[in-house]
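*Asks:* Just a sequence and a predicted model for now, questions to come.
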Protein chains: 8
Amino acid sequence: MNQLDALSLLNSVKEGSLTPEQALLRLRLEPFEDLGYAKVDHHRGLRQGAAEVIYGAGKTPEQIAGIVAAMLQHEERNILITRMSAEAATVVSEHCDLEYHPIPRVGLVRRVEEVTASGSIAVVSGGTSDLAVCEEAALTAEALGNRVERIYDVGVAGLHRLLAHLDRLMEAKVIIAVAGMEGALASVVGGLADCPVIAVPTSVGYGASFHGLSALLSMLNSCASGVSVVNIDNGFGAGYLASMINHMGGTTK
Amino acid sequence: MNQLDALSLLNSVKEGSLTPEQALLRLRLEPFEDLGYAKVDHHRGLRQGAAEVIYGAGKTPEQIAGIVAAMLQHEERNILITRMSAEAATVVSEHCDLEYHPIPRVGLVRRVEEVTASGSIAVVSGGTSDLAVCEEAALTAEALGNRVERIYDVGVAGLHRLLAHLDRLMEAKVIIAVAGMEGALASVVGGLADCPVIAVPTSVGYGASFHGLSALLSMLNSCASGVSVVNIDNGFGAGYLASMINHMGGTTK
Amino acid sequence: MNQLDALSLLNSVKEGSLTPEQALLRLRLEPFEDLGYAKVDHHRGLRQGAAEVIYGAGKTPEQIAGIVAAMLQHEERNILITRMSAEAATVVSEHCDLEYHPIPRVGLVRRVEEVTASGSIAVVSGGTSDLAVCEEAALTAEALGNRVERIYDVGVAGLHRLLAHLDRLMEAKVIIAVAGMEGALASVVGGLADCPVIAVPTSVGYGASFHGLSALLSMLNSCASGVSVVNIDNGFGAGYLASMINHMGGTTK
Amino acid sequence: MNQLDALSLLNSVKEGSLTPEQALLRLRLEPFEDLGYAKVDHHRGLRQGAAEVIYGAGKTPEQIAGIVAAMLQHEERNILITRMSAEAATVVSEHCDLEYHPIPRVGLVRRVEEVTASGSIAVVSGGTSDLAVCEEAALTAEALGNRVERIYDVGVAGLHRLLAHLDRLMEAKVIIAVAGMEGALASVVGGLADCPVIAVPTSVGYGASFHGLSALLSMLNSCASGVSVVNIDNGFGAGYLASMINHMGGTTK
Amino acid sequence: MNQLDALSLLNSVKEGSLTPEQALLRLRLEPFEDLGYAKVDHHRGLRQGAAEVIYGAGKTPEQIAGIVAAMLQHEERNILITRMSAEAATVVSEHCDLEYHPIPRVGLVRRVEEVTASGSIAVVSGGTSDLAVCEEAALTAEALGNRVERIYDVGVAGLHRLLAHLDRLMEAKVIIAVAGMEGALASVVGGLADCPVIAVPTSVGYGASFHGLSALLSMLNSCASGVSVVNIDNGFGAGYLASMINHMGGTTK
Amino acid sequence: MNQLDALSLLNSVKEGSLTPEQALLRLRLEPFEDLGYAKVDHHRGLRQGAAEVIYGAGKTPEQIAGIVAAMLQHEERNILITRMSAEAATVVSEHCDLEYHPIPRVGLVRRVEEVTASGSIAVVSGGTSDLAVCEEAALTAEALGNRVERIYDVGVAGLHRLLAHLDRLMEAKVIIAVAGMEGALASVVGGLADCPVIAVPTSVGYGASFHGLSALLSMLNSCASGVSVVNIDNGFGAGYLASMINHMGGTTK
Amino acid sequence: MNQLDALSLLNSVKEGSLTPEQALLRLRLEPFEDLGYAKVDHHRGLRQGAAEVIYGAGKTPEQIAGIVAAMLQHEERNILITRMSAEAATVVSEHCDLEYHPIPRVGLVRRVEEVTASGSIAVVSGGTSDLAVCEEAALTAEALGNRVERIYDVGVAGLHRLLAHLDRLMEAKVIIAVAGMEGALASVVGGLADCPVIAVPTSVGYGASFHGLSALLSMLNSCASGVSVVNIDNGFGAGYLASMINHMGGTTK
Amino acid sequence: MNQLDALSLLNSVKEGSLTPEQALLRLRLEPFEDLGYAKVDHHRGLRQGAAEVIYGAGKTPEQIAGIVAAMLQHEERNILITRMSAEAATVVSEHCDLEYHPIPRVGLVRRVEEVTASGSIAVVSGGTSDLAVCEEAALTAEALGNRVERIYDVGVAGLHRLLAHLDRLMEAKVIIAVAGMEGALASVVGGLADCPVIAVPTSVGYGASFHGLSALLSMLNSCASGVSVVNIDNGFGAGYLASMINHMGGTTK
């Protein structure tokens, strides 16, 4: 219920077609949606190109398949499933058309390839070992209607490789910098670029990387302005936020 | 030096007005600026409304005054000084017109009040004790040409106060959520809003807040999409990034 | 042995039916139980509806079955077994009537469904992934004679869902707030409710959740009054304490 | 606004004394208070014996004095000020009658000594060095209308002293166990008593106490049932929660 | 009250000189001391050469002076005061004869120089900066009747100095190894010696010493057998335990 | 080479039966053993009842069998193998007579049951889940010639059980207190007993026990005097040190 | 492209054989290599004896085999593969001649045994359990053209064994000290030797070793001068750096 | 005593000018120095240009002055005093000619400006706030006879500044990379340079820098080969080690 609906409800009270008691009941039952306070989840699809996201971790293959089935009945498109096991992919693909990416463990149902933002998002990483997190970010951003530039294996220990891709980097509207170990990539990229940089620490590494803590602290302490950080391995969060910002910079419609 | 300049330099070599040795020297001296790789620092003022930022911590009052004097000679406007002690403010204000805010310890020289972004930034906080960090963020954003909505003292433990300000919150293009202690504000705001939320953990608190660690971890783990995090107490970083994003959403010129 | 028994023993000495040496021996053998100092474990059943709790972790199926058998010989009812593996459940159910809940890994023997407290306990959680801990808490509270309201999947990132259940929340005498990741639920619930809130951090999450540390710190720093915290994943502890408090608010007998 | 008020508002719409638009405005302006969702702060005094609590840390003496003055104009009684500096006490006592306790840094204005709960709260501690936290808890509980038993200096390293006070301990409806260093007191008390135990770790100690971390972890891991934990040094939180529980066990009115 | 006393009390009941009620009262009042359970504090002086220890931290000079005065009235000798500030020393020395050591901040009242153990205790340290902790240990051990060998400034980075003192080291019955920074001394000494080694990590150091954490972990992981660890900077604890062990190896009486 | 040997060597030089160069060579080759500096490992068996200890972790079954075989050729008795896998036990028992304890994973070869110390060692623990560590300590102590009292399952949350065993506890010359979770047992035992207490934190527990960190910190912060700590789960270290101290209190020979 | 090449390119522009646009393109394509900024990776083989290193962790056997094949086509010699699984070794050895070391999981292809540095590197460790890390360091150093002295099992708890090898230790140009648990070896070796010591903490250990944290902190705090530290378990990094330093001290060519 | 001395001593025994007992005594008194095992501290001056280093922290001005005076009597030159307070500098300069640097708090006595190594050491830092640590390193290296290139304020967030100094960086034999906050400088420099890089994390920063922990972890995880790390803020250690390595690359004599 939006504000117009609320006004209409109050008008019904005025006109006598609803008793005050009935109106109170409806106001109590739908406290926020009615009044337009909270964001209306099922409208998100119209705005950003993806109907809904399913966080696959901790859900059984059957649960995921059930949620997907329910969504398909509501004609949802571009359903994104993250942290999806290969087993879950097998089960879901029996019921519908699933595009499954095994390394980032991402599934896509009823993929509509449509770019809705005018700018592009660059996903930069320092090594091939961060590939899973990179692709979770990239596939998320693509599912949400963004053009994505993948610039992988350009770590700070081999600066010339990063600098060789400067043009593609400078053209992006938002950059997602993915790095494990020392996480220096975010600072270097943040210093070179003039757009928001979303840093994603990864748990890749050993010893004093402490499962991503080193990269996380490093990124939080970045001396470069314009850098912010999401949770360790949270490729989806970075892709989602990047899409949000990228769409602010202009849409194709 | 941009690419056109580089081309012009190479043409000068071709034409003989520069020897190859002279050209090499110039290419070496300005390795990146020449080739348009790095962002050109002294052009930033034109784009975002602030000439330069001085990080005051660890600098003597005299050093700060010296940097400000040098900038003024280059006709810089809107000079922002963060982490500026009261002593430094006294010294600097002897030499130029300084607008000093003692709680966030922010100084502004040659303030030009001009809004260059069409949208607004909301700074939200849960209590009065986070005021210093909030104002560092808000003053930074204002100095960079943004309209700022201050929504303070609306913590999650008194949800009705936050909800009473929902309209102002929903109108913002970017939200900066500042919170110490448990840092839950970022998640709640991130769940309500439909725009990027920059979370700033603060070191306010005691005991198991561990100087901001609790709020930091809480914000990194936010279940709400669209939330990213900057360093503990880094109001400036949040304000700078918010301005960057806000200007992507449209400028007044 | 309570104080009356001690007095009776001393009277026996006075009367000569016991020698001082015999009395001393008995006092030594039952140093505390005799004097009413410690809580008498086998009386707990009368007061709170559950005879005894078996902590299943680290015990073999055979050990658990043995303890249960011993209890059944003493006519115990409502035996609660926590952290019980499926294997243990199989073994125990061969010897007696076991009600086994696989997700929270809780077993119940000789369940007597009887509500002894007049108020109710609400178990609130932010997502389906915390279900195991929620149910450990809920089943514990039910086994101890409480009415339990389950309000799951009402996380702070979707505040409207939480607010839609406010009535049920406000009616509870005690609330158990279960949350992983950022743990903000405890603060939000603590701010809304006017009764004791027992916060249970869970190890659900990834990256900077650090196996529940993030939620734990967040909950300890809750700005809301009336919130206290138990160990990570300690659903049993929360259910037990909630029952203790709920029975203080009135019993049905 | 409670539910009756909301009904009355809707009746006004029905009767035409309010337009639907005016009603909508009022519903928007007071989203929660109107509908009885949130706890009404200014009614708390009637229920629990204390009007309001002022958290003194981070507030200037003048700010505290101002808040107190505003409260006194609303005829508030039993105003509790925690973390109040001696300077603040001096300033406030110039304007009103202040009872100031320097060790726990607690101030009380318009103290009304009235016990509203039928049971008592025991505050137990292991050493004299935890006195400040103990008294913050005890004074808070007293201000909220509870009878408080102070059982100090009964640490686990001298068990006989603790056992000598068992009678007083066993009579309490709620126990607050305050301990720094190893925090073992909470487990020992939790094992002896048959009522809720609120454990308060303190930052007292040195070396591997790590400013209260050792006691905090120890208390969270307590093997005794019925124990929950609040933040390090949070005597107020423990006192408030203890009062809440104690009043559930019966009031004097 | 020991077992004989308890038997005598029961005999009094038998004989009628005490009523059962009177006997019960006495058993309740002295629950442990009566039955010989707990160690009787005021007998400790006879056994170990020191009457009582006062932990000076967190006590006012006046409180310390008061405790000392009370002890002197009971004719106590060899009163040891640890963590005693210079101010406290000044106040106490006005009332009695105080031997004050400013670096370890240890005070001694009514010092009786008497060696009661036949063996000796070696206190070993790696540098002069650990002197305060070393001396707290050494003075404690001396006050408790031990002969102490001080072997300072023999760190592992200059192994020849340590080895030059091997004879004195090998003659000790117990060794206290005091070290900050990397704490390697405990392992080296533990490997050389054939007696119990009590390791005391100190908070001396900077950077990654993390206030003693590095030395603490290092000592806990010692590969040498016979090494155990006390709290960071806990010279007193080491001295006390060393004395306990040293007296087991034979006394001079 | 002991001091006599060194003197004899120097005499040989004097007498001309050795050239100075030959003497120098010998001094260089056996730098410490020659001069009696280091403890001579193969004499340890004579003094303490155990020839040698094999740390089984990280060694293959074949390596362990090889070491045992070599020892047996030197007529070693009472060979103790810790952290020995069941596979290793199977392999070793094919070659010699092995007494294997599967829970503490301890193996004993050529066990000579002989008590060489006059006092006894008590091993105390709070729960059955610490059994493996307890038995590693107890078997180590027994192999080294000590009488061991096992007092298990006497945790602080059920104080009456601990107190019921006070007599056995008070008779010990050394106590080993084993505890996971909150580790309070060491403080309580340390407060009751009047002998050295060796605390062994265990990794048993979950959540905020952080794999033994909670118990470790708790034990290091023990308020009781006479308590020292070994590494988490280091039952062997505790047993070895306890034996060392126990033999100081008198031997049976 | 080095500076001479750049000059030559500019001369080509001057002479007209290259247009300025073509020159710009070449400068952009090889931004650093052209100008002699970055180290030229494919020249490293000439200088240090190893063509390239493959970090095997996170790569499939097929990926490793592919990289090796590509290198062999470029006639690379002395290819070093670290963190190589046994499976990968099986796959790779099907395609080329592989020397595989299973304990350190190191593979070598086209091994050329040639010593290019005049000095030697000593690898010292305290126990056999650190063997894998030691050998990763030693094999790396050997592959890079160094003579390596292996001095294993000379921990600080048995100092005489370490001292017995002093001659070999003192002859090394660089020492790699490998140790888990308390990490004291680095300090002891650093104190004895007069050359750079590279300390490698290992994750070997249990309990409070916290997966190498204890050794890491200990080594960082080393009191001995000339000690620096690499990541936990980073044998390769230590071997590489040692080779770099060793070659500075003189080469055989 | 070196090996020649030892031989001479043994010859004296042979010749009868020393008795075997006298020889033994001398061997015992100087166990290592005699036999050439340990590095002879007072010879260090000849080799590396600095006589001795005094660690000023924790020493009184008088103690430092005393040590300096003793050294001057032994004709020591180039005495280096680190962590020297301004007060200590004042006291020492009363007795001798002191060159004092207040920012790094370094003092030099009898400075002999002489370069003994043929190569140079570069000290690189990312900001002016790390100046104190940089200068401690640089002054240490200079006092030990090295030419030092200072390349300050070239952080990774402004990469062009770092690259503009590449020539000076590439010419160094050893690089000391000093950085606080995210510590990325070490990786970037390590990737560019082809010589050993000694990384010094600093405690400069705020929030999640956690007093240097972030930079420390980042540097330990450096992806670049040839990087090793010293303790936080340990400029002296880096300068000392750099000098050691630099002298290996050739001396001027």
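*Replies:* That came in fine, so what should we check first? All of these numbers come straight from a predicted model, not from anything done at the bench. Numbers count the residues shown, from 1 in each chain, chains lettered A, B, ... in the order given.
*Asks:* where does the residue in chain A positioned nearest to chain C fall, helix, sheet strand or coil?
*Replies:* Among all residues of chain A, A:Ile232 sits closest to chain C, at 2.9 Å; criterion: C-beta to the nearest C-beta. To be clear about C-beta, it is placed using only N, CA and C from the backbone, and glycine gets the same treatment. Here A:Ile232 is recorded as coil under DSSP: H, G, I helix; E, B strand; the rest coil.
*Asks:* Centre of the chain to the helix or strand where A:Ala138 lies, how far?
*Replies:* A:Ala138 is located in helix A:131-143, with elements delineated by DSSP states H and E. In terms of C-alpha atoms, centre = their mean, to the nearest Å, the centre of helix A:131-143 is set 8 Å apart from its chain centre.
*Asks:* Now the element after it, going C-ward?
*Replies:* strand A:147-151.
*Asks:* That following strand pairs with which strands, and in what direction?
*Replies:* strand A:120-125 (parallel) (DSSP bridges).
*Asks:* In contact with the residue of the stretch 1-150 of chain A found nearest chain G, which residues?
*Replies:* For the stretch 1-150 of chain A and chain G, the shortest gap (C-beta to the nearest C-beta) falls at A:Ser129, measuring 4.2 Å. Counting by C-beta atoms under 8 Å, 6 or more residues apart in numbering or on different chains, A:Ser129 makes contact with A:180, A:204, G:57-58.
*Asks:* and the two most separated of the residues you listed?
*Replies:* Across the contacts of A:Ser129, the longest distance by C-beta to C-beta is 11.4 Å; it joins A:Gly180 and G:Ala57.
*Asks:* Compare these two and say which is more crowded by neighbours.
*Replies:* Using other C-beta atoms under 10 Å in any protein chain shown as the criterion, A:Gly180 and G:Ala57 rank with A:Gly180 on top: 30 against 13.
*Asks:* Report the residue spans of chain A with pLDDT below the cut-off.
*Replies:* A:1-7, A:21, A:24-51, A:253 (pLDDT under 70).
*Asks:* residue boundaries of the strands in it?
*Replies:* Taking DSSP state E, the strands of chain A run over residues A:53-55, A:79-82, A:98-101, A:106-109, A:120-125, A:147-151, A:174-179, A:197-201, A:227-229.
*Asks:* Export these to CSV and append columns for mean neighbour count and distance to F:Thr19.
*Replies:* Listed next are the strands of chain A as CSV, based on neighbours: other C-beta atoms under 10 Å in any protein chain shown; distance: least, C-beta to C-beta, whole Å:
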stretch, mean neighbour count, distance to F:Thr19
strand A:53-55, 18, 82
strand A:79-82, 24, 80
strand A:98-101, 17, 79
strand A:106-109, 25, 80
strand A:120-125, 27, 69
strand A:147-151, 19, 73
strand A:174-179, 31, 66
strand A:197-201, 32, 67
strand A:227-229, 31, 72
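*Asks:* need those in CSV with distance to D:Ala157, can you?
*Replies:* Below are the strands of chain A laid out as CSV (distance: least, C-beta to C-beta, whole Å):
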stretch, distance to D:Ala157
strand A:53-55, 49
strand A:79-82, 52
strand A:98-101, 59
strand A:106-109, 57
strand A:120-125, 55
strand A:147-151, 62
strand A:174-179, 49
strand A:197-201, 44
strand A:227-229, 45
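*Asks:* Nearest to C:Ile64, out of the ones you listed?
*Replies:* Among these, the nearest to C:Ile64 by C-beta to C-beta is strand A:53-55 (34.7 Å).
*Asks:* Check which helices and strands that closest one sits against.
*Replies:* helix A:61-73, strand A:79-82, helix A:235-248 (3 or more C-beta pairs under 8 Å, 6 or more residues apart in numbering or on different chains; DSSP states H and E).
*Asks:* Point out the most buried one among these.
*Replies:* Highest mean neighbour count among these (mean count of other C-beta atoms under 10 Å in any protein chain shown): helix A:235-248, with a mean of 27.
*Asks:* And whichever residue of chain A sits closest to chain H, its phi and psi?
*Replies:* Here the residue of chain A nearest chain H is A:Ala184; by C-beta to the nearest C-beta that distance is 3.1 Å. A:Ala184 adopts backbone torsions of phi -70, psi -20, taken as degrees, to the nearest 10.
*Asks:* and what of A:Glu182?
*Replies:* Per-residue torsions, A:Glu182: phi -90, psi -10 (degrees, to the nearest 10).
*Asks:* Compute the number of surrounding residues for it.
*Replies:* Neighbours of A:Glu182 (other C-beta under 10 Å): 35.
*Asks:* ok, it - contacts?
*Replies:* When contacts are counted by C-beta under 8 Å, 6+ apart, A:Glu182 touches A:214-215, A:218, H:183-184, H:186-187, H:217-223.
*Asks:* neighbour-wise, which of those residues leads?
*Replies:* Among those, the one with the most neighbours (other C-beta under 10 Å) is H:Gly183, at 38 neighbours.
*Asks:* how much space between it and B:Leu216?
*Replies:* As defined by C-beta to C-beta, to the nearest Å, H:Gly183 lies at a distance of 18 Å from B:Leu216.
*Asks:* who in the stretch 151-253 of chain A is up against chain B?
*Replies:* Within the stretch 151-253 of chain A, the residues that sit near chain B (C-beta under 8 Å from any C-beta of the partner chain) are A:163, A:166, A:170, A:173, A:191-196, A:198, A:216, A:220-222, A:225-232, A:237-238, A:240-241, A:244-245, A:248-249.
*Asks:* Mind doing that once more with 6 Å?
*Replies:* A:166, A:194, A:196, A:198, A:220, A:225-226, A:228-231, A:240-241, A:244-245, A:248-249 (C-beta under 6 Å from any C-beta of the partner chain).
*Asks:* Stretch A:124-139: end-to-end distance?
*Replies:* Start and end residues of stretch A:124-139 are separated by 14 Å (C-alpha to C-alpha, to the nearest Å).
*Asks:* Quick check: buried residues in that stretch?
*Replies:* A:124-127, A:129-139 (16 or more other C-beta atoms under 10 Å in any protein chain shown).
*Asks:* can you count the residues close to the nearest residue to A:Ile232 once chain neighbours are set aside?
*Replies:* With C-beta to C-beta, 6 or more residues apart in numbering or on different chains as the criterion, A:Ile232 has its nearest non-adjacent residue at 2.9 Å, and that residue is C:Gly207. Counted with other C-beta under 10 Å, the neighbours of C:Gly207 add up to 24.
*Asks:* Let me see the contact set for C:Gly207.
*Replies:* Contacts of C:Gly207 were listed using C-beta atoms under 6 Å, 6 or more residues apart in numbering or on different chains, and they are A:212, A:231-233.
*Asks:* And A:Val109, how close does it get to F:Leu10?
*Replies:* A:Val109 is 90 Å from F:Leu10, where distance means C-beta to C-beta.
*Asks:* Let me fix that, I meant to ask about A:Asn78.
*Replies:* In terms of C-beta to C-beta, A:Asn78 sits 91 Å off from F:Leu10.
*Asks:* Return the residues of the stretch 51-200 of chain A in contact with chain G.
*Replies:* Residues of the stretch 51-200 of chain A lying close to chain G by C-beta under 6 Å from any C-beta are A:129, A:160, A:163.
*Asks:* Skipping its backbone neighbours, what lies nearest whichever residue of the stretch 101-250 of chain A sits closest to chain D in space?
*Replies:* Relative to chain D, the nearest point of the stretch 101-250 of chain A is A:Leu213 (17.5 Å; C-beta to the nearest C-beta). Leaving out its chain neighbours, the residue that sits closest to A:Leu213 by C-beta to C-beta, 6+ apart is H:Leu217, at 6.8 Å.
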